[in-house]
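>>> can't give you the sequence, but here's the structure:
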């Protein structure tokens, strides 16, 4: 049997076994009050978007409801996957993103978040039963993994400003998870799914039980669920293997699994030593070299791009690990990269309510969730700032020995540098071979283990309160208090202590037989003893590193964060008085909220904590903590204006306001004015205006310094080939000489001679494309709330016809317009460089390079010691940005009898008219002009976040359709998700860019169900029915050379399915 056949059998056996176990239970019907629409019960309800109760499901704001059926019609229990099918959502964190191994105050590996309209995860508010869910980190975002899936009845999504109704963060809208209430009986649900490759298996089980008591005056409901998802790897998907082999696409690993030599500062080898190996003038002396297992030198990998040394590489270029790329350089692929990250999740839910009398009752609710995720990243590279200076006396390959012996101490070398490199005190600078005895810089790849993060998130939330009615009126009220905590603990493995690694590598014979005890001055008191039997010989690739050597350098990291939220809130609503057109109704309320956050980093990665050691491969960040207190009062009034006159069956307006007082940013006021015009029984017009604000969160205010690794899309401004008008490129900038002068000052601040290395090597100074750097982001206590204005205008049409063909036709069309000013967002590398080098922001650069370089803007642009490349850039949160977006949402529902059953269509559509953004203020002139991104994959960003906190992916339109047919106990549905073609991220700035965006993309999912009895329903489905491969994106389509840059992936994990066809089956039973 073929491998494919075996996988199909495995899937079939697993799925059928799960169903056998599930269906074996005795079936009995669960009496669920939610089975009947609330409107049919004659009760007033609250629809997300307003706190005033109404006797219908009509919302005055645009709203989309995702029911339980949509959430279960999937091969995964990941709620965000189902919601991201809807055009109003932009994917941000998905199960396909399994490479994040570093938790920070603003990043939780394995978390699941949602973003409405791509405006940012902290510009929409996530609620549970209309109450704020407990955030996961300092950004205030909610990990929806923590919401109890078994208890979800539906998800109501309002896509418009709602700050006046629900408070800050609701600029883009609200995602409200409505849980089941007053449940009676027992409901069990189970499902199992697997890919056609036999991996990524997912198992889900949930149970919900409830009962009334005291003649129906009270109800208790409890539920639990378990979800396990196994790993799947990219190496098992043909589309990844194809690009790994394709020479046009750069390898996925930055640094190769080979040790190398990197010159330190100006202590460089002679050109003759390079010529003796590679031929006269073939490879420039000072270029980074790597070494084969036989000891021969070669070039060609990342940061060693000279193609003249590539032919000496002896590795296998026909497999998956290494390849020769289209430009002649070498690439290396990371073969353990995940296509789906593994996850284990447990949810427990309990709810109870009791009517003390006809006018007052008590209620309580508690949720507990534990989520474990596992992410994987390539091994740690001991390079650049993490490299080791090792003695020249250690054994090295013959070719490297010749290079080391040829090194020359430069004229003017400082005594401090001599001492640091342990150079011969008698050596005369400028003389050939004078640097032969100096220590040298080794690059080393710690490929004995991948970097891995095991993240555990434990979240609980408790709510308790009173609710009741005011006798003799229709007024209702509630008073509740809630407290929630989300604790994240992460264990990072595969990392090494930099100083212990250096100690072993710099020991004789590369640490073979190494023995050391700490606290030597104290006689080893309280210290540990390290041994290293095998040593870490970097040039012996067949060496089996002994466990004690790994233990000697091992530095597992433990990080912890804790978010606490306490809310006390009072709400009341009811009728005020009658007008000719109807009753004036109102809702009022007051609340107090406290959010307290603390992130505790491991000491070895805490920025500013240890001056003796750090960790290889993990960037430092500080211990963040902060607290926000807010007191709010709000009010809404619904005013019936006209009723029962020609062309106006009902016309009413709703006005509302919210006053908020923050301990951080002071007082602000938000308001809204909405109108609802019911023209006839079958047509309604609706619209309104929201004036919203978003107060800065804990991270934006209090984030301790946090270093990351990312790219400057505009490149390094100090390059002489950079096309930006304020760069060091004389062809485009008349002030280029002063720019280069500032660049030299900044480079030589790190180490003398760094500027000469940068400008003396075309690989640095003439490189093109993005530039990688290490920005350090810090909070800003002076950041102000951002302001938003939202307009919506729409129509809802219910078919006026009574024919079978048309009577179940419903259409809604809504236009939206959102403008945000003073947008809070972190400075990008591009904007930080511009602040230094553009005379608009730093006038001194036009005539006084020394003064310009000394400015705070330029001192923030750090350079790498040794080669002068763009390095540690200090950035912070600012109110510099603004953006505008407008579009149209359309939803169509239609059902018609066909044969013995019913055919139905549900279509949700979004058309994006515009998305314009500027990272700099309008006062900056042309530099602050709004840039149009609609119809592109932009705005450009890193890890799913771009300027102003927006999320990339501004598709011109998006559509999600469901076609269903039901007959008797059986249903069959086909989901069709469509994305149009989109231009490259680079298009807004370079209209003639050769980079390809993405082609049109269609994804189909098939699902069905069958009611075996009244109480037992089986379901099945196939996701990605036609095994649609993800399209290639963001690659240079006009060249036979490299199509993408190192670190860039030719597939987009946010919008396109990377996993392939998946099967699932499930069953639901009610007792």
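In hand now; what should we look at? Remember, predicted model here, so these are calculated numbers, not experimental data.

>>> quick one, what contacts residue 576?
Applying Cβ atoms under 8 Å, 6 or more residues apart in numbering to residue 576 gives the contacts 583-586, 637. To be clear about C-beta, it is placed using only N, CA and C from the backbone, and glycine gets the same treatment.

>>> who wins for most neighbours among those?
Among the contacts of residue 576, residue 585 has the most neighbours (other Cβ atoms under 10 Å), with 24 neighbours.

>>> how about the helix or strand hosting that one: buried residues?
Following DSSP states H and E, one finds residue 585 within strand 582-600. By 16 or more other Cβ atoms under 10 Å, the buried positions in strand 582-600 come out as 582, 585-591, 593, 595-600.

>>> can you map out the strands along the stretch 601-750 of the chain?
In the stretch 601-750 of the chain, the strands defined using DSSP state E, counting those that start in this stretch lie at 615-616, 625-645, 648-662, 666-680, 683-694, 706-707, 710-712.

>>> pairing partners for the fourth one, with directions?
When pairs are called by DSSP bridges, strand 666-680 turns out to pair with strand 648-662 (antiparallel), strand 683-694 (antiparallel).

>>> now the angle between strand 625-645 and that strand, please.
On the basis of axes from the mean of the first three to the mean of the last three Cα atoms, to 10 degrees, strand 666-680 is oriented at 30 degrees to strand 625-645.

>>> which other residues reach strand 666-680?
In contact with strand 666-680 (Cβ under 8 Å, 6+ apart) are residues 58, 60-61, 161, 163-165, 647-662, 684-693, 695, 785, 800.

>>> excluding its backbone neighbours, what's nearest residue 886?
Distance criterion Cβ to Cβ, 6 or more residues apart in numbering; nearest residue to residue 886, sequence neighbours excluded, is residue 817 at 4.2 Å.

>>> now the helix or strand harbouring that neighbour: mean pLDDT?
If you go by DSSP H and E, residue 817 is part of strand 809-826. When pLDDT is averaged along strand 809-826, the result is 94.

>>> next: stretch 697-716.
89.

>>> correct me if wrong: residue 825 contacts residue 918.
No - here residue 825 does not reach residue 918: they are 10.8 Å apart, not a contact under Cβ atoms under 8 Å.

>>> does anything pack onto the helix or strand where residue 290 lies? Which helices or strands?
Using DSSP H and E, residue 290 sits within strand 289-291. Contacts defined by 3 or more Cβ pairs under 8 Å, 6 or more residues apart in numbering; DSSP states H and E place strand 289-291 against strand 260-262, strand 297-298, helix 398-405.

>>> average pLDDT across it?
For strand 289-291, the per-residue pLDDT averages 96.

>>> just stretch 902-921 next, same as before
Here stretch 902-921 scores 94 as its mean pLDDT.

>>> quick one on the thing from earlier: neighbouring strands - and their directions - for the strand holding residue 585?
Strand pairing (DSSP bridges) places strand 582-600 next to strand 557-579 (antiparallel), strand 625-645 (antiparallel).

>>> reformat these as CSV; add distance to residue 169 and mean pLDDT.
Putting those into CSV (distance: least, Cβ to Cβ, whole Å; pLDDT from 0 to 100) gives the following:
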stretch, distance to residue 169, mean pLDDT
strand 557-579, 13, 96
strand 625-645, 11, 96
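
>>> redo the ones you listed as TSV? Include distance to residue 155.
Converted to TSV, these look like this (distance: least, Cβ to Cβ, whole Å):
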stretch	distance to residue 155
strand 557-579	21
strand 625-645	23
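
>>> what does the helix or strand containing residue 758 contact?
Using DSSP H and E, residue 758 sits in helix 754-760. Applying Cβ under 8 Å, 6+ apart, the contact partners of helix 754-760 are 263, 265-266, 286, 718, 720, 740, 743-744, 747-748, 764-765, 863-869.

>>> need phi/psi at the residue lying farthest from the centre of the chain.
No residue in the chain sits farther from the centre than residue 426, which is 55.5 Å out by Cα atoms, centre = their mean. The phi and psi values for residue 426, taken as degrees, to the nearest 10, are phi -90, psi -10.
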